[in-house]
Structures are given as C-alpha cells and as structure tokens.
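S.K.: pasting the structure only:
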C-alpha cells in the first residue's frame, strides 16, 4: 500500500505543459508522461498515455507480480498504438510521442515500466538509487566515458532521446521489478526536474522531514529556481 502525491508545473520558459501524470490509488499505480512534438502534439501524446494508464489500471490492486507485469506492458502497448494511430489520422501531430514511467505496486513489490529520459528513483534507508537508465544520446556518451553527468546537463544534444512511446510499431520497454520494504519512497519525474537539479539535491529534499506534498513542491521550486527551462512533473509514492 502506498501514499502518493503528484504535481506538474509548466516551468518558467514555456507557456504550455506537455507533461502529464496520474495517481490511481485503488490500483496502486503511478504514471508520468512527458510529451514531445510540434505545436500541441506533445500534450496530445502525454494525454493519450495517461488515458491509457487510467483505462487499463484494472481499478484494483494487482495480486501478483505477474499480474502487475502484464498490466504495465498492456498500458505501454495500448498507448503506443493509440499515439501512432492518432498521428496517422492527424498529420499535424506527426512526429509526436512521449517518454513515460509507470509503476504498479503489489503487496510485496513493484513492477516499473520505463521508456525515454523521464526517470524513477528509490530512496531507501537514506540512500537514493536511480532505477531507470535514460534512453538518450547523452546517456550513451556518459556510458562510454566521453562526458560526465554534469557535462550532459549542458550538452546541446541533451534533449535527443533514442526511445519514445508512439514512434515505432515495436516498442522496446524496460521492465524493472523488485521487492519493497516499508518506508521506501519512489520518485517518478520528467526531465524538467533532472536537467535542472542533480541527484544529490534530489536526495537532500527527499530526505527532509516533510510531508510528501511539501517534498514534491520543494522539488519543483528547486527546478524553477535553477532556471525552470522545461515543464517539470514529480510523483511520489511511499510504501507503508
């Protein structure tokens, strides 16, 4: 069982918000989507993803890891098909897509689906761990030792992602699953947060003796204080 909080902000440089999120408490499901595409297409893509998560949440908690795994896969598969079909039927939306995170909790663990450069973190016993690996050009360069994470934050190609929902018929989905322990704190976020503040600052805020809503608000305010160049969305889920 989790207690959750979510908040999204357009940031300081954009007039629209292409991020979206959903919290479905009865299904212990959290999701974040960050749209991409011209005009308002990014907003459409992230909205379609969140609508798919809502429609396929099942309306109740998963009783097994296998059930949660199928639910996460179904959400990504359905959203991928719907975004592609929408773009085909609406030429002005061609090229749209979204990055996305979906986590479904069971009585003993979780299943996390990940595509793109939105991220999921876990704070456990005072230690912050990033659970997801960015599908991006700069992440590949970091992996090859060509640049540092600090370099990546200022890199001209930092927004170039290698995977997105709604771009290809065959979607390569990362699936992460593990057990949970009481007190685990999960953070799902768009890159509008992680492009602005580093992991040590995120850990510092998540470790403060605050409510979930206060932590979420402080994360967003920190991203805006650092420039707020992009939409920023945070969703927090604490295991009880």
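M.R.: Sure, I can see it. Given the structure is predicted, the values throughout are model-derived calculations rather than measurements.
S.K.: where do the helices sit along the chain?
M.R.: When assigned using DSSP state H, the helices of the chain occupy the ranges 41-55, 65-89, 137-143, 149-154, 191-194, 199-206, 212-225.
S.K.: Pick the most buried one from these.
M.R.: For the helices of the chain, the largest average neighbour count (mean count of other Cβ atoms under 10 Å) is found in helix 191-194, namely a mean of 26. C-beta coordinates here come from the backbone N, C-alpha and C atoms, glycine included.
S.K.: Show residues contacting that one.
M.R.: Among residues not part of helix 191-194, those counted as contacts by Cβ atoms under 8 Å, 6 or more residues apart in numbering are 11, 19, 34, 99, 117-119, 159, 202, 219-220, 223, 228-234.
S.K.: Generate a ChimeraX selection restricted to the buried subset of those residues.
M.R.: A single ChimeraX command suffices to select whichever of the contacts of helix 191-194 are buried according to 16 or more other Cβ atoms under 10 Å:
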select :11,19,34,99,117,118,119,202,219,220,223,228,230,231,232,233,234
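S.K.: from the contacts of helix 191-194, which ones fall inside strands?
M.R.: Among the contacts of helix 191-194, the residues falling in strands (DSSP state E) are 19, 34, 99, 119, 232, 233, 234.
S.K.: show me the contacts for the fifth one.
M.R.: Residues counted as contacts of residue 232 (Cβ under 8 Å, 6+ apart) are 8-9, 11, 19, 189-190, 192-193, 196, 219-220, 223-224.
S.K.: Give me the pLDDT for it.
M.R.: According to the predicted model, the pLDDT of residue 232 comes to 98.
S.K.: excluding its backbone neighbours, what's nearest it?
M.R.: For residue 232, ignoring the flanking residues on the chain, the nearest one in space by Cβ to Cβ, 6 or more residues apart in numbering is residue 192 at 3.5 Å.
S.K.: Residue 98 reaches residue 166, doesn't it?
M.R.: Yes: with contacts defined as Cβ atoms under 8 Å, residue 98 counts as touching residue 166 at a distance of 6.4 Å.
S.K.: So for the closest residue to residue 153 other than its chain neighbours, what's the pLDDT?
M.R.: Counting by Cβ to Cβ, 6+ apart, residue 195 is the residue found nearest to residue 153 once chain neighbours are left out, at 6.0 Å. What the model reports for residue 195 is a pLDDT of 93.
S.K.: Pull the number of nearby residues for residue 195.
M.R.: Counted with other Cβ atoms under 10 Å, the burial measure for residue 195 works out to 20 neighbours.
S.K.: contacting residues for it?
M.R.: The contact partners of residue 195, by Cβ under 8 Å, 6+ apart, come to 153, 158, 229, 230.
S.K.: chain center to the helix or strand of the chain with the lowest mean pLDDT: distance?
M.R.: Every helix and strand in the chain was compared by mean pLDDT, DSSP states H and E; the lowest is helix 149-154, with a mean of 86. Averaging C-alpha positions (Cα atoms, centre = their mean, to the nearest Å) puts helix 149-154 20 Å from its chain's average.
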